[in-house]
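Q: Need the 3D shape of this:
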Amino acid sequence: MKTLFSYILIISLFLTFGCSDLEEELNDGIAEGPDADVDVQQLLNGAYGNLRDLQSQDNLLVLTEHPTDEMAGPTRGRDWDDAGIWRVLHRHSWTTAHAFINNAWRTLNRNAFNAQQVLCSGATGSVAAQATFLRVFNDFLVLDNFGKIPRRACDENLLNPPSELLTRGEASAVLISELEAVLNDLPTDTDEPALATQNAARALLAKLYLNKAVYAATDAEGGAEEGPYNFAAADMDKVIAYVDGITGRNLDANYFDNFIPDNGNASDELIFVSQNTSGGAAGNARAYWFMTLHYNQNPSGWNGFVALSDLYNRFEQGDQRLHTDLPYLASNGSGLNAGLLVGQQYDVDGNPLEDRAGNPLVFTEDFNLLETGSNLEVTGIRAIKYPPDFTTEGDAPDNDFVFLRYADALLMKAEAIMRGGTSGETALDIVNQLRTIRGASTLVSLSEQDLLDERSRELYWEGWRRNDLVRFNSFLGTWQEKPSPSDKTRLLFPIPSEAISTNPELEQNPGY
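A: Below you'll find the model as predicted:
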């Protein structure tokens, strides 16, 4: 029997999340049973809607990009200080009190729980399979970042702490088993990336198998071990098989079709996204241009986050991922290009822009985490990964937020081949196929570092860099404005103190 709190939760889901464009996809699979009075379709729509919270700059992004060689949040005089909350991320000196790390823990576990509620409310068939995918997707992110997954059974009293705990060493096998069990029940629609489809499951399973050796490397205290890791050939074969099973997806000739407004329709490459609707149900994808653009650019921004020179220097000129002129930006009065912004910035008519003090707005490769002096507004390369949506009002852009896409899958396959998997293709051929369509020159050989660099060029600011650096045994190293190596305890984030205090099954990760 459900507690009062459980019913309040369900009511709050009804009030918070409206029906999405996916509604017609979610009509089958509702079963009669003890929870037949619950609108299972509405619960599933709510579980999809939860993903929008992961778009915010103060949530999962802080775990996946700020502690890496791709992104930083410098303090600019009195701007962007926030008691050092961004600086400590970049230098791996965060603590258990870090608010944004705690946000990510709460959001991911709430998302997984709400997907579980669909399963506990009588769903079967495609609806149950989609809910399972959403639960596994959020649990995978919990595992990757925190190393352990708390779970509840359907009949638990919600006033008590969760009774189940998947530990780092066992969790990946459980998630793989759960997702493989529902693979054939998922929708086969390849043109609806906002839906948990068989393609999405195959891409996520490839992620799980590719990282399986990382999660197995657990020390006696339950913490993470440094690499190099022992990648099993059988696991790499699974990665290859699942990527080969992805159907109906192709690399886009125009790279930024993956991220522009209406990318859900424009791109042939997207596999799984969080759907945003212009002027309607939308997350905070606009933060990806607001958080980096200067106040005097169009659109105006918050003049915050920067891309590292480590990232910029990986590119060669002519690579469309580095710089692409999009006509729609100019037609909306913007002098921006998509990609990385370096040097003097201009308005749409070619006039040089200035900062607020009247100095030339020249973005530099160099920056300091603690900026002082007269140039504090202009230091640091800026990135436009999601080109702005000019047609929407307020905070509701039409850019769908990308989680999984075909280029990532192909690079996972190339890595699996490099790590001992069997395929009729070579890793070099796959990488060169991608580079050619992006306008980059072909490589004559391929090392692990080359592949890691290619993943950065292709996937920068998409939330996979921390995961990649850990797997390639490079996360604890040094880069721009991070001069010192980190201890292996930084391979996992701390469990929030509030979760530890209310759940006797949870133990803090080593080093915290």
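Q: pLDDT weak spots in the stretch 201-350 of the chain?
A: Judged by pLDDT under 70, the stretch 201-350 of the chain has no weakly predicted residues.
Q: OK, contacts around residue 489?
A: By CB atoms under 8 Å, 6 or more residues apart in numbering, the contact list for residue 489 reads 223, 509-512. Glycine gets a C-beta too; all of them are placed from N, C-alpha and C.
Q: how about 6 Å then?
A: 510-511 (CB atoms under 6 Å, 6 or more residues apart in numbering).
Q: Check the secondary structure at it for me.
A: The local conformation at residue 489, judged by DSSP: H, G, I helix; E, B strand; the rest coil, is helix.
Q: go on, residue 165?
A: Applying three-state DSSP: residue 165 is strand.
Q: Next, count neighbours for it.
A: Residue 165: 16 surrounding residues under other CB atoms under 10 Å.
Q: Phi first, then psi, for the closest residue to residue 81 other than its chain neighbours.
A: Distances taken as CB to CB, 6 or more residues apart in numbering put residue 75 closest to residue 81, at 4.7 Å, once the chain neighbours are dropped. Taking degrees, to the nearest 10, you get phi -80, psi 130 for the backbone angles of residue 75.
Q: what do you get for the one 3 residues further on?
A: Backbone geometry at residue 78, expressed as degrees, to the nearest 10, gives phi -90, psi -10.
Q: Distance check, it against residue 404.
A: Computed as CB to CB, to the nearest Å, the residue 78 to residue 404 distance reads 39 Å.
Q: Of these two, which one has the most company?
A: A direct count of neighbours by other CB under 10 Å for residue 78 and residue 404 places residue 404 higher, at 24 against 7.
Q: what's the spacing between that one and residue 282?
A: Using CB to CB, residue 404 is found at 20 Å from residue 282.
Q: same question, residue 345
A: Noted for residue 345: a distance of 27 Å to residue 282, by CB to CB.
Q: List the buried residues of stretch 350-363.
A: Neighbour-count burial for stretch 350-363 flags 353-355, 361-363 (criterion: 16 or more other CB atoms under 10 Å).
Q: among those residues, which are in strands?
A: 362-363 (DSSP state E).
Q: any chance of the buried residues of stretch 350-363 in JSON lines, plus distance to residue 384 and pLDDT?
A: JSON lines is the format used below for the buried residues of stretch 350-363 (distance: CB to CB, whole Å; pLDDT from 0 to 100):
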{"residue": "353", "distance to residue 384": "15", "pLDDT": "98"}
{"residue": "354", "distance to residue 384": "20", "pLDDT": "97"}
{"residue": "355", "distance to residue 384": "18", "pLDDT": "95"}
{"residue": "361", "distance to residue 384": "15", "pLDDT": "97"}
{"residue": "362", "distance to residue 384": "17", "pLDDT": "98"}
{"residue": "363", "distance to residue 384": "12", "pLDDT": "98"}
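Q: for the buried residues of stretch 350-363, which one is nearest residue 109?
A: Closest approach between the buried residues of stretch 350-363 and residue 109, by CB to CB: residue 363, at 38.0 Å.
Q: The residue lying closest to residue 406 once chain neighbours are set aside - how many residues pack around it?
A: Spatial nearest neighbour of residue 406, chain neighbours left out: residue 249 (4.1 Å); criterion: CB to CB, 6+ apart. Per other CB under 10 Å, the neighbour tally for residue 249 reads 21.
Q: Could you measure from residue 249 over to residue 347?
A: Counting by CB to CB, the gap between residue 249 and residue 347 amounts to 38 Å.
Q: likewise residue 410?
A: Using CB to CB, residue 410 is found at 38 Å from residue 347.
Q: So between these two, which is more surrounded?
A: Neighbour count, other CB under 10 Å: between residue 410 and residue 347, residue 410 has more, with 21 against 16.
Q: sec struct for that one, please.
A: What three-state DSSP gives for residue 410 is helix.
Q: ok, it - contacts?
A: residue 430.
Q: Now for residue 396, how many residues are close by?
A: 18.
Q: Is it correct that it is in contact with residue 279?
A: Yes - with contacts counted by CB atoms under 6 Å, residue 396 reaches residue 279, the gap being 5.1 Å.
Q: ok, the residue of the chain most remote from its centre to residue 386 distance?
A: Within the chain, the residue lying farthest from the chain centre (CA atoms, centre = their mean) is residue 358, at 37.0 Å. Taking CB to CB as the measure, residue 358 falls 30 Å from residue 386.
Q: before we move on, what about residue 492?
A: Separation of residue 492 from residue 386 (CB to CB) stands at 29 Å.
Q: for residue 464, same thing?
A: Distance of residue 464 to residue 386, computed by CB to CB: 15 Å.
Q: pull the CA atoms of stretch 97-114 into CSV?
A: This file holds the C-alpha atoms of stretch 97-114, laid out as CSV (Å, rounded to 0.1, in the frame of the first residue of the first chain):
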residue,chain,number,x,y,z
ALA,A,97,29.7,20.6,0.6
HIS,A,98,29.8,21.5,-3.1
ALA,A,99,26.2,22.6,-3.9
PHE,A,100,26.3,21.7,-7.6
ILE,A,101,27.7,18.2,-7.1
ASN,A,102,24.9,17.7,-4.6
ASN,A,103,22.4,19.0,-7.1
ALA,A,104,23.5,16.4,-9.6
TRP,A,105,23.3,13.6,-7.1
ARG,A,106,19.7,14.6,-6.1
THR,A,107,18.6,15.1,-9.7
LEU,A,108,19.9,11.9,-11.1
ASN,A,109,18.6,9.8,-8.2
ARG,A,110,15.2,11.5,-8.4
ASN,A,111,15.0,10.9,-12.1
ALA,A,112,15.8,7.2,-11.6
PHE,A,113,13.2,7.0,-8.9
ASN,A,114,10.5,8.6,-11.0
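Q: Flag every buried residue along that stretch.
A: Buried residues in stretch 97-114, counted by 16+ other CB under 10 Å: 98, 100-105, 107-109, 111-114.
Q: cool, and stretch 373-386?
A: Neighbour counts using 16+ other CB under 10 Å place 375-386 of stretch 373-386 among the buried residues.
Q: what about it, average pLDDT?
A: Averaged over stretch 373-386, pLDDT sits at 93.
Q: what sits up against that stretch?
A: Identification of contacts with stretch 373-386 by CB under 6 Å, 6+ apart yields 76-77, 259, 285, 288-289, 292, 306-307, 312, 336, 338, 340-342, 355, 361-364, 367, 371, 399, 461.
Q: Show me which of these are buried.
A: Neighbour counting by 16+ other CB under 10 Å classes 76, 259, 285, 288-289, 292, 306-307, 312, 336, 338, 340-342, 355, 361-363, 367, 371, 399, 461 among the contacts of stretch 373-386 as buried.
Q: Take those residues and keep only those in helices.
A: Among the buried ones among the contacts of stretch 373-386, the members falling in helices are 288-289, 312 (criterion: DSSP state H).
Q: mind listing what's buried in stretch 492-510?
A: Across stretch 492-510, burial judged by 16+ other CB under 10 Å covers 492-496, 499-500, 503, 506, 508-510.
Q: looking at this, residue 404 is in a helix?
A: No - using three-state DSSP, the secondary structure at residue 404 is strand, not a helix.
Q: That one contacts residue 270, correct?
A: No - applying CB under 6 Å as the test, residue 404 and residue 270 come out as separate, 7.9 Å apart.
Q: Now for these two: what residues contact both?
A: Between them, residue 404 and residue 270 share no contacting residue under CB under 6 Å, 6+ apart.
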